[in-house]
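Novice: Give the three-dimensional model of this entry:
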Amino acid sequence: MERLSARLLSWASLIDEKTLAQAHTTARMPFIHPHLALMPDAHLGKGATVGSVIPTLGAIIPAAVGVDIGCGMIAVRTRFTRSDLEGRDLAELREQIERAIPLSAGRYNRKVVATAEPRIAELEELAEKSGFDPATYAGNWRLQLGTLGSGNHFIEVSVDELDRVWLFLHSGSRGVGNKIAGHHIAVAQRLARQWWIELPDPDLAYLVEGTPEFTRYIRELRWAQRFALLNREEMMDRVIRQVSEFLDTAVDEQERINCHHNFTESEKHYGKQVWVSRKGAIQAGAGRPGLIPGSMGTASYVVEGLGDPQSLNSSPHGAGREYSRSAARRTFTHDQLREAMTGIEFRDTDAFIDEIPQAYKPIDRVMADAAGLVSIRHTLRQLVNVKGD
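Specialist: Numbering: from 1, shown residues only. Just a heads-up that it's a prediction; the model follows:
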């Protein structure tokens, strides 16, 4: 760990100047307490750096939570081993999963399926208690539950160091969460203009605790975080069903972990109750299980938090980009993507060039930087990868 200023601590050994400048700018906001923690996977983001932990007193920066509220990971360890999959056509399993779960931006369910019904009922009740109608943001929000999205979201079948099969996926609150985030970012920016508040970046506009705007944001944020968690649960149940059909036997879950990495919680740190916005970071309190995926084609990790107080009990959420999507497309080729995915069943298309592993920081370096934040319980290697383009 390196102390870059009184309010900025960094665990990132690989970081560019623009990202550092952005982190310094956020750390200078007057309500940061005690300091901003920059994770090993830090890279440039909207307003605030992706891969940062931002504790605030009496205010929240909506853009520091991110536009995919509640985005995160879920993993299930099964009783199966690699040998149960040997000799089977993994392309068939991939295609089954692709049929069961809508992929890509703007792709949603055609109807509410039975497994989604109780989850949607829970979200309807929570929205009613929170005093808002999610349909004002997205009329089809119910059909979004159980859908993956695009970008770096994925579904994977992997094996650990003991050859045990894990099911692993990454997604968030989909279109409805994005609309909620966008609305409140705009509200914060409007208030800054209204009160003549000078900001170093418009995306660092904030909402002040105790105001109606802050209260509404927290209520809708918590709803979107719950939507994201249930969205992952719904998709995982569908993946389990497809694996069960593929192997013609029931899937016996040995372990399930579900964690956010774009979210806000009220926590006590350094003697004060603060709002901790983790934008690309997971909670890593002592003994807390967590998930840190690598990039497409590399290892992922099941971890346990070490409870480092200076990191505000946090750790990285993944590899972190080194190339923007457009730069990756200019730099890498389809053949390089195929080479990186050797031995992994995936949908072979140039739509995924911007997700090539070389566009991300080396996950081994990230995990080495995070050695004081988490311990590694399991290392997962992909057998099947499913993504939306």
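
Novice: Okay, helices next: where are they in this structure?
Specialist: 17-27, 62-65, 82-85, 90-100, 117-130, 141-144, 174-194, 212-247, 325-331, 334-340, 363-369 (DSSP state H).

Novice: Any idea which of these gets closest to residue 36?
Specialist: Evaluated with CB to CB, the helices of the chain place helix 17-27 nearest to residue 36, the distance being 4.2 Å. Just so you know, the C-beta spots here come from the backbone N, C-alpha and C atoms, and that holds for glycine as well.

Novice: So which elements touch that closest one?
Specialist: Counting contacts by 3 or more CB pairs under 8 Å, 6 or more residues apart in numbering; DSSP states H and E, helix 17-27 is packed against strand 2-5, strand 8-10, strand 36-43, strand 50-56.

Novice: I'd like to know which of the helices of the chain is closest to residue 273.
Specialist: Taking those one by one with CB to CB, helix 212-247 is closest: 13.7 Å.

Novice: Pull out the buried residues from that closest one.
Specialist: Neighbour-count burial for helix 212-247, with 16 or more other CB atoms under 10 Å as criterion, is recorded at 214, 216-240, 242-243, 246-247.

Novice: Just want the angle from that helix to helix 90-100.
Specialist: Counting by axes from the mean of the first three to the mean of the last three CA atoms, to 10 degrees, helix 212-247 lies at 140 degrees to helix 90-100.

Novice: Share the number of residues neighbouring residue 186, please.
Specialist: If you count neighbours by other CB atoms under 10 Å, residue 186 ends up with 12.

Novice: meant to ask about residue 121, not that
Specialist: Using other CB under 10 Å, residue 121 has 10 neighbouring residues.

Novice: same deal with residue 110?
Specialist: Neighbours of residue 110 (other CB under 10 Å): 7.

Novice: One more: residue 251?
Specialist: By the criterion of other CB under 10 Å, residue 251 has 21 neighbours.

Novice: got the contact list for the closest residue to residue 34 other than its chain neighbours?
Specialist: Spatial nearest neighbour of residue 34, chain neighbours left out: residue 270 (4.5 Å); criterion: CB to CB, 6 or more residues apart in numbering. Applying CB atoms under 8 Å, 6 or more residues apart in numbering to residue 270 gives the contacts 33-34, 309.

Novice: With residue 19 instead?
Specialist: Going by CB under 8 Å, 6+ apart, residue 19 touches 42-44, 49.

Novice: Quick one: the helices of the chain as JSON lines, columns for mean pLDDT too.
Specialist: Conversion of the helices of the chain to JSON lines gives the following (pLDDT from 0 to 100):
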{"stretch": "helix 17-27", "mean pLDDT": "97"}
{"stretch": "helix 62-65", "mean pLDDT": "96"}
{"stretch": "helix 82-85", "mean pLDDT": "97"}
{"stretch": "helix 90-100", "mean pLDDT": "97"}
{"stretch": "helix 117-130", "mean pLDDT": "98"}
{"stretch": "helix 141-144", "mean pLDDT": "98"}
{"stretch": "helix 174-194", "mean pLDDT": "98"}
{"stretch": "helix 212-247", "mean pLDDT": "98"}
{"stretch": "helix 325-331", "mean pLDDT": "95"}
{"stretch": "helix 334-340", "mean pLDDT": "95"}
{"stretch": "helix 363-369", "mean pLDDT": "96"}
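
Novice: Let's have the ones you listed in CSV, adding distance to residue 389.
Specialist: As requested, the helices of the chain are exported to CSV (distance: least, CB to CB, whole Å):
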stretch, distance to residue 389
helix 17-27, 27
helix 62-65, 26
helix 82-85, 25
helix 90-100, 11
helix 117-130, 26
helix 141-144, 18
helix 174-194, 16
helix 212-247, 17
helix 325-331, 12
helix 334-340, 12
helix 363-369, 23
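
Novice: Show the contacting residues for the most centrally placed residue in the chain.
Specialist: Per CA atoms, centre = their mean, the C-alpha nearest to the average position across the chain is that of residue 72, at 3.2 Å. Contact analysis of residue 72 by CB under 8 Å, 6+ apart lists 170-172, 228-229, 232, 258-263, 282, 291, 317.

Novice: among the residues you listed, who's most crowded?
Specialist: Highest count within the contacts of residue 72 by other CB under 10 Å belongs to residue 261, 31 neighbours.

Novice: From what I see, residue 295 and residue 319 are in contact.
Specialist: Yes. Counting by CB atoms under 8 Å, residue 319 is a contact partner of residue 295 at 4.6 Å.

Novice: Can you pick out the most distant pair from the contacts of residue 19?
Specialist: The span of the contacts of residue 19, defined through CB to CB, is set by 42 and 44 at 8.6 Å.

Novice: Neighbour count: those two, which is higher?
Specialist: A direct count of neighbours by other CB under 10 Å for residue 42 and residue 44 places residue 42 higher, at 30 against 18.

Novice: isn't residue 283 right up against residue 306?
Specialist: No. Look at residue 283 against residue 306 with CB under 8 Å: they stay out of range, at 11.8 Å.

Novice: Compare the two (neighbour count), which wins?
Specialist: Between residue 283 and residue 306, counted using other CB under 10 Å, the more crowded position is residue 283 (22 against 19).
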